[in-house]
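Colleague: What would the 3D arrangement of this be:
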Amino acid sequence: MKRFLALVAAILLVGCSGQAPASLTDYQLPRSVEVTFSALLPANTPAGEQVFFVLLDEVTGLDLNTHPLVMQASGEQSVSLSLSLPQGSLLKYRYMRQGPAGSAVEVSAEGQPIEFRTYYVDGPGHIAHDLIAAWSDLPLQQETGQVSGSLHDADGNPLASLAVAAAGLQTRSDDAGRFVIPGLPQGLHNVLIYAPDGSIHTFQQGALVAANNDTPANIRLTPSGTAAVTFWLTPPAEHTAGIPVFLTGNLQALASRPLMLAQADGRYGLILELPTGVDIRYKYTLGDGLWNAEHLADGNFHLRQLVIQPGTTELEIHDQVVSWSAGSSAPIWFELNAPPEDLLAYIQFKLGDWSTPLPMWPLGEGHWAYRLNSPTNFAQPLEYRYCLDAACTIVGAGTRTVQGNQSTLQQIQDQLDAWER
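Modeller: The predicted structure is shown next:
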């Protein structure tokens, strides 16, 4: 923490960040293959309305960085879309419909919103067959069946806490490796199994579901290998040397946002043991996947992808961040004076719900700061509060607001008289 004491006003200045590489990364993804997504629409889908395949970004937030792609009619009640994707990719996506009355998202047979679907790109020329149960604005009564089974390793040991997905519905295997996914419309579904920590090879197969029946799926899975991956990061030119930089991503090892180590040449470095043969999505950030995360020159979020070839034991990746800011809205500088405590202070923002508490930068006893670079283009006042622990169980009295979309840097000075326990 001592290395941050000299920041104060210097945080507003440009720091030395070393020589930038020629590209954003020197890592090459596996070759891309073509996959066709074919979706059977509900019988009551209005004719002529546009259907979208919506790619999702789970690192930024499933509803925060979506990429809708127009699908083409491929039959009387079906649409399709072909994409070229790196082999080994694990996609998360869902379907949306646009008509004169507005947009509608797909829902389950029970009317629950579909959070995401999954598909594993394990080879060329594959077709992903999806069956959309219903739209949010057009309920549709139908009979359903289920898929159930058990998951074990090669030695017959049960595998717990694995994610099992089909038709946009998800569950986890229990301590005995058992799972069940009810509420599946009659037809062919893609059943996909993966480990949130990447410890097993992703598995998928088709399952034919009949109404009021159970389709069994008892599966043996193989473990992933691991590789020691060294990440080298060159920050953007406007970066202030010494500011803490984190890595965040879709695996459990990355969700904890490991801290990168500042190097003498202005770069940052980090070594992690990561699974091979697994789709790893990640980004660099001064906060989390949304707040103060890296952006491209056009202002869009930058989400990186890594698929480590099986058999790899060591790998070095050299990355460069273009910017921590997005758009023309100016950053916001938060400065807090509070009763001294032997704990780290956090700032927490509310976007719909309270988001990840972000560690502030210590400037001295009871004196903390944080610079919000992005996103700062929110139209409504942004609610925030201060905390004294990562779970925000110890908070500063009351919440505060700040207005975004400003053309010049805002400097917010806040005072706390006491922490509420």
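Colleague: quick one: low-confidence parts of the stretch 201-350 of the chain?
Modeller: Across the stretch 201-350 of the chain, nothing is flagged by pLDDT under 70.
Colleague: just so I have it, where are all the helices in it?
Modeller: 252-255 (DSSP state H, counting those that start in this stretch).
Colleague: Residue 180 - how many residues pack around it?
Modeller: 14 (other CB atoms under 10 Å). C-beta coordinates here come from the backbone N, C-alpha and C atoms, glycine included.
Colleague: Kindly report the same for the one 3 residues further on.
Modeller: Counted with other CB under 10 Å, residues neighbouring residue 183 total 15.
Colleague: residues in contact with the nearest residue to residue 148 once chain neighbours are set aside?
Modeller: Nearest non-adjacent residue to residue 148, counting by CB to CB, 6 or more residues apart in numbering: residue 180, 3.9 Å away. By CB atoms under 8 Å, 6 or more residues apart in numbering, the contact list for residue 180 reads 146, 147, 148, 171.
Colleague: Which of these fall in helices?
Modeller: Taking DSSP state H, every one of the contacts of residue 180 sits outside helices.
Colleague: ok, back up a step: make sure the residue nearest to residue 148 is indeed in a strand.
Modeller: Yes. Under the criterion used here (DSSP: H, G, I helix; E, B strand; the rest coil), residue 180 sits inside a strand.
Colleague: how close does it sit to residue 169?
Modeller: Distance, residue 180 to residue 169, using CB to CB, to the nearest Å: 10 Å.
Colleague: Mutual contacts of those two, please.
Modeller: With contacts defined as CB under 8 Å, 6+ apart, no residue is shared by residue 180 and residue 169.
Colleague: For residue 157, see how far away the residue nearest to residue 148 is.
Modeller: In terms of CB to CB, residue 180 sits 20 Å off from residue 157.
Colleague: quick revisit: looking at the contacts of residue 180, which has the most residues close by?
Modeller: residue 147 (23 neighbours).
Colleague: That one: what's it in contact with?
Modeller: Counting by CB under 8 Å, 6+ apart, residue 147 has contacts 166, 180, 181, 184, 189, 191, 207, 209, 214, 215, 216, 217.
Colleague: Residue 416: which of those is nearest?
Modeller: Closest approach between the contacts of residue 147 and residue 416, by CB to CB: residue 181, at 47.9 Å.
Colleague: Show me the beta-bridge partners of that closest one.
Modeller: Beta-bridge pairing of residue 181, defined through DSSP bridges, involves residue 147.
Colleague: Same check on the one 4 residues further on?
Modeller: Under the criterion DSSP bridges, residue 185 forms beta bridges with residue 144.
Colleague: same deal with residue 84?
Modeller: residue 34.
Colleague: what secondary structure does the residue most central in space within the chain sit in?
Modeller: Geometric centre of the chain, nearest residue: residue 59, 1.5 Å, by CA atoms, centre = their mean. Under three-state DSSP, residue 59 falls in the coil class.
Colleague: what about it, distance to residue 46?
Modeller: On the measure of CB to CB, residue 59 and residue 46 end up 34 Å apart.
Colleague: again, but for residue 335
Modeller: With CB to CB as the criterion, residue 335 and residue 46 are 54 Å apart.
Colleague: ok, now residue 188?
Modeller: For residue 188 relative to residue 46 (CB to CB), the value is 25 Å.
Colleague: swap in residue 307?
Modeller: The gap separating residue 307 from residue 46 is 39 Å, by CB to CB.
Colleague: Comparing the two, which shows the higher neighbour count?
Modeller: Remark: of residue 307 and residue 46, residue 307 carries more neighbours, 19 against 14, as counted by other CB under 10 Å.
Colleague: partner residues bridging that one?
Modeller: residue 279.
Colleague: gap between it and residue 198?
Modeller: 11 Å.
Colleague: what do those two both touch?
Modeller: Both residue 307 and residue 198 are in contact with 278, 280, where contact means CB under 8 Å, 6+ apart.
Colleague: Out of the contacts of residue 180, the closest to residue 26 would be?
Modeller: Distance to residue 26, by CB to CB, is smallest for residue 171 among the contacts of residue 180, at 39.1 Å.
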